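Enquirer: next come a sequence and a model predicted from it.
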Amino acid sequence: MYAIGERELGASDLLHEKLSTSRVGQRWERIVLTHVREVDALMAVHPDLRRHVGEALTRLAGAGTTRLDDAVIGTATVVLDDLNRLGGFELKCAAVTLREELAMARGLSLDDVLAG
């Protein structure tokens, strides 16, 4: 991803490991990979988006067995809102879908969401 730091890159790798173990996680990864070039381009010109992505990666990667609380959900929602505002039609649709799924996951752990 464009210009994220070492800490965020490590969080991204950890999150990838978690997501790759379930069908739900693999579907989320396919959605992200479909739009990775557009997201990279948006991060290149929108430093706020780049910062929001870094924060969300870090929080989501650390949320394995702990509940997805308002802080974790909030950081990820900010990214999805940014993508909905800045992205093209298909990215906007993906952001809305992921936002709805994330809202339903509130109170569960990431591990629970991925197992379901």
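Expert: Received it, and whenever you're ready, just let me know what you need.
Enquirer: just the pLDDT for the closest residue to Leu110 other than its chain neighbours.
Expert: Spatially, and ignoring its direct neighbours in sequence, Leu110 is nearest to Ala63 (4.7 Å; Cβ to Cβ, 6 or more residues apart in numbering). Placement of C-beta: from N, CA and C, glycine included. On pLDDT, Ala63 comes in at 79.
Enquirer: which SS state does Ala63 fall under?
Expert: coil (DSSP: H, G, I helix; E, B strand; the rest coil).
Enquirer: quick check: it touching Gly107?
Expert: No. Under the contact definition of Cβ atoms under 8 Å, Ala63 does not touch Gly107, with a separation of 11.9 Å.
Enquirer: those two: which is more packed in?
Expert: Counted by other Cβ atoms under 10 Å, Ala63 and Gly107 do not tie: Ala63 has more neighbours, with 23 against 11.
Enquirer: who are the contact partners of the more buried one?
Expert: Ala63 makes contact with 72, 109-110, according to Cβ atoms under 8 Å, 6 or more residues apart in numbering.
Enquirer: those into TSV, with extra columns for pLDDT?
Expert: Below are the contacts of Ala63 laid out as TSV (pLDDT from 0 to 100):
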residue	pLDDT
Val72	90
Ser109	87
Leu110	85
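Enquirer: what strand or helix carries the most centrally placed residue in the chain?
Expert: Centroid-nearest residue in the chain: Ala76, 5.7 Å away (criterion: Cα atoms, centre = their mean). Ala76 is part of helix 70-86, with elements assigned from DSSP states H and E.
Enquirer: and for that helix, what's in contact with it?
Expert: Outside of helix 70-86, the residues within contact range by Cβ under 8 Å, 6+ apart are 35, 39, 42, 46, 48-49, 52-53, 55-56, 59-60, 63, 91-92, 94-96, 98-99, 102-103, 105-106.
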